[in-house]
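1. 3D model of this:
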Amino acid sequence: MSGSTGYESPGIAGSGAIATGLAAVATTTADTILLARSEASAWRAEEKVVAACAKIDGAEPSRLRVTTDPKDLADCDIVVEAVVEEVEPKGEVLSAVAAACPDADLATTTSSLSIAEIAAAAKIPGRLFGLHVFNPVPRMKLVEVCFPDSGEGTREKALAWCAALGKTAVQVPDQAGFVVNRLLFPYLFDAVRLVERTGMEAGEVDSCMKLGAGHPMGPLALLDFVGLDVAEAIGDALYADSSDPAHKPPGLMVEMAGSGKLGRKSGAGFYSYD
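-> Numbering: from 1, shown residues only. The predicted structure follows:
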């Protein structure tokens, strides 16, 4: 292993909430490079990482470097792809990163897609593992790790890195949704269908689950937090092989996402946000 932290030169490819949150946490252990798609997204990503670092013990924004050139990741020993939850864009990013970093271990933060399928799209079979961190990354302790083809050395380094970042890693099989989303999203979708059938208010459903089941956040508020478009994509991936309409993302949620009501990030979803 390359030291007690597992990896000493991490890179993150992406500029969204997962990418910037992971980059901020990564600065607690090492100099970190974040690869963004454009200068505009790079600037926004840097702002997000700096803001996140202020809330994380040991995080150091001076350890962050943001770039738009994959070649700048050449010295990384791990690069984590954290872009949109679709096979093709993930494959494109990982293919470019793999060419720039022939010796680096590669990971994807997918929450619902097959690791093997993403690796095939990127033409990097046997080189990719899953590193599913949860949003918000600075607070959430779990990491689902999936090693469908990775060697023992990669496994040891990845688990050591998770521990160094203050996370608890649980090894999971390469199945759609791993464990958390495979169990969580049927429940979230059922909550939407309950609203469709009964006309109950989102706040009423959420209050039932918070006060009656002890959940810290109700299912509809959680969908708003995840993003209704993201939830739809996860549902499509989870049930890609099913023809049962009950296994598809609920119609109300799909309609809301199609009209731009995506949840917190758009200012409106099942709730309104200022």
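
2. any buried residues in stretch 132-145, and which?
-> By 16 or more other Cβ atoms under 10 Å, the buried positions in stretch 132-145 come out as His132, Val133, Phe134, Asn135, Val137, Pro138, Val143, Glu144, Val145. Just so you know, the C-beta spots here come from the backbone N, C-alpha and C atoms, and that holds for glycine as well.

3. let me fix that: stretch 165-180
-> Applying 16+ other Cβ under 10 Å to stretch 165-180 flags Leu165, Lys167, Ala169, Val172, Asp174, Ala176, Gly177, Phe178 as buried.

4. in strands only, show me those residues.
-> Ala169 (DSSP state E).

5. how about low-confidence regions in the protein?
-> Scanning the chain for pLDDT under 70 picks out 1-4.

6. quick one, longest helix in it?
-> helix 180-198 (DSSP state H).

7. flag every buried residue along that helix.
-> Neighbour-count burial for helix 180-198 [16+ other Cβ under 10 Å]: Asn181, Arg182, Leu184, Phe185, Pro186, Leu188, Phe189, Ala191, Val192, Leu194, Val195.

8. okay if I get those as TSV plus distance to Phe270?
-> Below are the buried residues of helix 180-198 laid out as TSV (distance: Cβ to Cβ, whole Å):
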residue	distance to Phe270
Asn181	19
Arg182	22
Leu184	16
Phe185	15
Pro186	18
Leu188	11
Phe189	13
Ala191	9
Val192	8
Leu194	12
Val195	8
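
9. show me which pair in those is furthest apart.
-> Arg182 and Val195 (22.6 Å; Cβ to Cβ).

10. buried stuff in stretch 219-236?
-> 219-235.

11. how far does it stretch from one end to the other?
-> 18 Å (Cα to Cα, to the nearest Å).

12. now the closest residue to Gly260 other than its chain neighbours: how far from Ala237?
-> Using Cβ to Cβ, 6 or more residues apart in numbering and skipping residues adjacent in sequence, the residue nearest Gly260 is Ser266, 5.9 Å away. Separation of Ser266 from Ala237 (Cβ to Cβ, to the nearest Å) stands at 22 Å.

13. the more surrounded of those two?
-> Ala237 (21 against 17; other Cβ atoms under 10 Å).

14. hang on, that one in a helix?
-> Yes: counting by DSSP: H, G, I helix; E, B strand; the rest coil, Ala237 is part of a helix.

15. pretty sure the residue nearest to Gly260 contacts Met256?
-> No: between Ser266 and Met256 there is no contact under Cβ atoms under 8 Å: 9.8 Å.

16. what about the helices in the stretch 101-250 of the chain?
-> 115-122, 152-164, 180-198, 202-213, 219-226, 228-238 (DSSP state H, counting those that start in this stretch).

17. the longest one to helix 219-226, inter-axis angle?
-> What separates the directions of helix 180-198 and helix 219-226 is an angle of 120 degrees, with axes from the mean of the first three to the mean of the last three Cα atoms, to 10 degrees.

18. hmm, who's touching helix 180-198?
-> Applying Cβ atoms under 8 Å, 6 or more residues apart in numbering, the external contacts of helix 180-198 come out as 111-112, 132, 134, 142, 144, 175-177, 200-202, 205, 209, 218-220, 222-223, 231, 234-235, 238, 249-253, 270.

19. and if you look at the fifth one?
-> The contact list for helix 219-226 (Cβ under 8 Å, 6+ apart) reads 135, 187-188, 191-192, 195, 202, 205-206, 209, 217, 231, 234, 253, 263-264, 269-271, 273.

20. at 6 Å what do you get?
-> Leu188, Ala191, Ala202, Val205, Asp206, Ala231, Gly263, Arg264, Gly269, Phe270, Tyr271 (Cβ atoms under 6 Å, 6 or more residues apart in numbering).

21. which parts of stretch 102-111 are buried?
-> Applying 16+ other Cβ under 10 Å to stretch 102-111 flags Ala104, Asp105, Leu106, Ala107, Thr108, Thr109, Thr110, Ser111 as buried.

22. most neighbours among the contacts of helix 219-226, which one is it?
-> Ala231 leads the contacts of helix 219-226 on contacts (other Cβ under 10 Å) with 28 neighbours.

23. what's the spacing between Gly166 and Ile56?
-> In terms of Cβ to Cβ, Gly166 sits 9 Å off from Ile56.

24. same thing with Ile118?
-> For Ile118 relative to Ile56 (Cβ to Cβ), the value is 28 Å.

25. understood, closing this out.
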